[in-house]
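Undergrad: build me a model:
(3 chains)
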Amino acid sequence: MKNIIAFVLSVALGVLMVLSLTNNDWFAQFGYADLTDRVSQSYIDKSVTGTPGEIIFGVTSNPEDGAANIVTSIVVDYRSFDTLGEVTVLFISALGVALLLSSEDKNKRLQLNFKPNFMLRVGSRALFSIILMTGVYVILHGHLTPGGGFPGGTMIASSILLLYLADDQFRAKVKGFKLLEGVAGSFYVVIGLLGLLVASYFLQNFLPTGTVGDLFSAGIIPIVYILIGLKVGSEIAGIIDNFLTEEEVSL
Amino acid sequence: MTLTDIIMAVVSVLLLGIAFMAVSSKKLIKGVIFLSALSMLSVVSYVLMKAPDVALTEAVIGSGMVTALFVFTLLSIDKGATK
Amino acid sequence: MIQYAAIILIVFGLYGLLSNHNIVKMIISLNIIEIGLNIFIISVGFVYDGIAPILTSTNSSSALLYVDPLPQALVLTAIVIGVGTTALGLALAKKIHSKYGTFELDEMGDNE
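TA: The predicted structure follows:
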């Protein structure tokens, strides 16, 4: 009986959503969206507070926001307050996992019934350094190529997950991770307050933005992405460590 | 019907098939594996719709983090059975 | 088309959430809803002959036809928040299993 009610409710919701797609006053047809009606056109032309003209890669110098990756300029510069909210939500979820799953200081690893052998334990250290380098590269070039702080930080956490899986007795330094996470998060808010003191509003891009396409360009965007990458990486590494340890069971 | 439309239709049919098998499977570990395959197909559809940032983020998170967390939770049941 | 497939994914996930008795199956259905929602949001901003929104040395001008970059920024945030929600839900499921010994909702509740 409960299954039939659930089925009817779900199908009703699906029919409502499909019917709202076919009324083409509010929804453009799939693939024929007109960008000049939307606010995204001023994000592409970088003309939110002025009209600089056409932006050309490698030639235009000191535009309003110097990132070559337009999605990065939206996430870190034009809508940077939403990124601050997202970092807060990640922090709350890592805090919840740590409250639920950790106890005193002297935990040990979860005892399973398979043991990795010597080749796996030693050979995974080489792979760990390659994954770490890829993560750092993706974070640093976030304003020129796709990527940025969030996938780069998760790659750093994946390298630590590899070390946990390949060795039976490995435990990372959890206290160092928690200290790094707190410091990186507070520096993000400090940079925002600096924008309020030096220039006119919270989280403004107050450093000079160079030529579009250089490595040292786009103001505070690389600095913010480095802080976000460190924070996300250490949070997810802390979550993995909480999942794989247990208390000392005294029999 | 260009080539992009044909590939999008094939990916849509595969998405629906794998989602149906993930919701109605009896063992838990099969559901987790089908969820990981669903995440990989969604990365293909993000690349078809010209969104490289989103595809990179979903590839790293969907295959590395979510699957690993599910497997760690399911491992702690077997531990109680073998004691 | 992909928009209809994304809506049917949301319907599958909602049916799985309402009619399962196992906590881990409920969290799997929640993740299916999130995947379908993200595909739908990005499909709103797709233009048929547009290119990816990055200025490179071959596509070097801002006057070409680009795909809409604003839904991609919103989905980037939504994916990371989904990971946070899943991690907290799985930690709760692990604590429930260590207290009651089962994942099924019908076999719990022997204390009151």
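
Undergrad: residue contacts, residue A:91?
TA: When contacts are counted by C-beta atoms under 8 Å, 6 or more residues apart in numbering or on different chains, residue A:91 touches A:181, A:185, A:231, A:235. Every residue, glycine included, has its C-beta placed from N, CA and C.

Undergrad: and which of these is nearest to residue A:153?
TA: Using C-beta to C-beta, residue A:231 comes nearest to residue A:153 of the contacts of residue A:91, at 7.0 Å.

Undergrad: tell me where chain B is predicted with low confidence.
TA: Scanning chain B for pLDDT under 70 picks out B:78-83.

Undergrad: so which residue of it comes closest to chain A?
TA: residue B:52 (3.9 Å; C-beta to the nearest C-beta).

Undergrad: on that earlier part again, inside helices: which ones of the contacts of residue A:91?
TA: A:181, A:185, A:231, A:235 (DSSP state H).

Undergrad: the second one against residue A:232, yeah?
TA: So the one you mean is residue A:185. No: the criterion here is C-beta atoms under 8 Å, and residue A:185 misses it with residue A:232 at 10.3 Å.

Undergrad: who has more neighbours out of the two?
TA: Counted by other C-beta atoms under 10 Å in any protein chain shown, residue A:185 and residue A:232 do not tie: residue A:232 has more neighbours, with 27 against 21.

Undergrad: about what we covered before: which one of the ones in helices among the contacts of residue A:91 has the most neighbours?
TA: Compared across the ones in helices among the contacts of residue A:91, residue A:235 has the highest neighbour count, 29 neighbours, by other C-beta under 10 Å.

Undergrad: residues contacting it?
TA: Residue A:235 makes contact with A:90, A:91, A:94, A:157, A:181, according to C-beta under 8 Å, 6+ apart.

Undergrad: ok, now with 6 Å
TA: The neighbourhood of residue A:235, defined by C-beta atoms under 6 Å, 6 or more residues apart in numbering or on different chains, consists of A:90, A:94, A:181.

Undergrad: tabulate the residues you listed in JSON lines, adding columns for distance to chain C and pLDDT.
TA: Listed next are these as JSON lines, based on distance: C-beta to the nearest C-beta, whole Å; pLDDT from 0 to 100:
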{"residue": "A:90", "distance to chain C": "5", "pLDDT": "94"}
{"residue": "A:94", "distance to chain C": "7", "pLDDT": "94"}
{"residue": "A:181", "distance to chain C": "14", "pLDDT": "92"}
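
Undergrad: name the residue closest to the centre of the chain, please.
TA: Defaulting to chain A. In chain A, the centroid-proximal residue (C-alpha atoms, centre = their mean) is residue A:150; its distance is 2.3 Å.

Undergrad: let's do chain C instead
TA: residue C:34 (1.8 Å).

Undergrad: residue A:189 - nearest residue in space that isn't next to it in sequence?
TA: Setting aside the residues directly before and after it, residue A:189 is nearest to residue A:84 in space (C-beta to C-beta, 6 or more residues apart in numbering or on different chains), at 7.5 Å.

Undergrad: tally of neighbours for the one you found?
TA: Other residues lying near residue A:84 total 17 when counted by other C-beta under 10 Å.

Undergrad: next one: residue A:111
TA: Around residue A:111 there are 11 other residues, counting by other C-beta under 10 Å.

Undergrad: quickly note the distance from it to residue B:75.
TA: The gap separating residue A:111 from residue B:75 is 11 Å, by C-beta to C-beta, to the nearest Å.

Undergrad: again, but for residue C:63
TA: Between residue C:63 and residue B:75 the computed distance is 55 Å (C-beta to C-beta).

Undergrad: re the thing from before, in the helix or strand harbouring the residue nearest to residue A:189, what counts as buried?
TA: Using DSSP states H and E, the element containing residue A:84 is helix A:80-101. For helix A:80-101, burial by neighbour count (16 or more other C-beta atoms under 10 Å in any protein chain shown) applies to A:80, A:83-84, A:86-87, A:90-91, A:93-94, A:96-98, A:101.

Undergrad: quick one: distance of it to the chain centre.
TA: The chain centroid and the centroid of helix A:80-101 are separated by 12 Å under C-alpha atoms, centre = their mean, to the nearest Å.

Undergrad: tell me the gap between the longest helix along chain C and the middle of its chain.
TA: Taking DSSP H as the criterion, chain C has its longest helix at helix C:70-100. Its chain's C-alpha centre and that of helix C:70-100 lie 10 Å apart, by C-alpha atoms, centre = their mean.

Undergrad: how about the strands in chain A?
TA: Assigned strands in chain A, in chain order: A:108-109, A:245-246 (criterion: DSSP state E).

Undergrad: list the contacts of the first one.
TA: Just to be clear, that refers to strand A:108-109. When contacts are defined by C-beta under 6 Å, 6+ apart, strand A:108-109 is touched by residues residue A:245.

Undergrad: avg pLDDT for that strand?
TA: Across strand A:108-109, pLDDT averages out at 73.

Undergrad: parallel or antiparallel, list what pairs with it.
TA: Looking at strand A:108-109 with DSSP bridges, its partner strands are strand A:245-246 (antiparallel).

Undergrad: is any part of stretch A:11-20 close to chain B?
TA: No: Stretch A:11-20 stays clear of chain B (C-beta under 6 Å from any C-beta of the partner chain), getting no nearer than 12.2 Å.

Undergrad: tell me the buried residues in that stretch?
TA: Result for stretch A:11-20 [16+ other C-beta under 10 Å]: buried residues A:14, A:17.

Undergrad: can I get it as CSV, trimmed to CA atoms?
TA: C-alpha atoms of stretch A:11-20 as CSV (Å, rounded to 0.1, in the frame of the first residue of the first chain):
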residue,chain,number,x,y,z
VAL,A,11,5.1,10.0,-11.1
ALA,A,12,2.9,13.1,-10.4
LEU,A,13,6.1,15.1,-9.6
GLY,A,14,7.7,13.9,-12.8
VAL,A,15,4.7,14.8,-14.9
LEU,A,16,4.5,18.3,-13.4
MET,A,17,8.2,18.9,-14.2
VAL,A,18,7.9,17.7,-17.8
LEU,A,19,4.8,19.9,-18.3
SER,A,20,6.6,23.0,-17.1
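
Undergrad: same question for it, mean pLDDT?
TA: Average pLDDT, stretch A:11-20: 91.

Undergrad: give me the number of residues near residue 26?
TA: Picking chain A for this. 7.

Undergrad: I was thinking of chain C, sorry if that wasn't clear
TA: 18.

Undergrad: who's in contact with it?
TA: Listed by C-beta under 6 Å, 6+ apart, the contact partners of residue C:26 are C:17, C:20.
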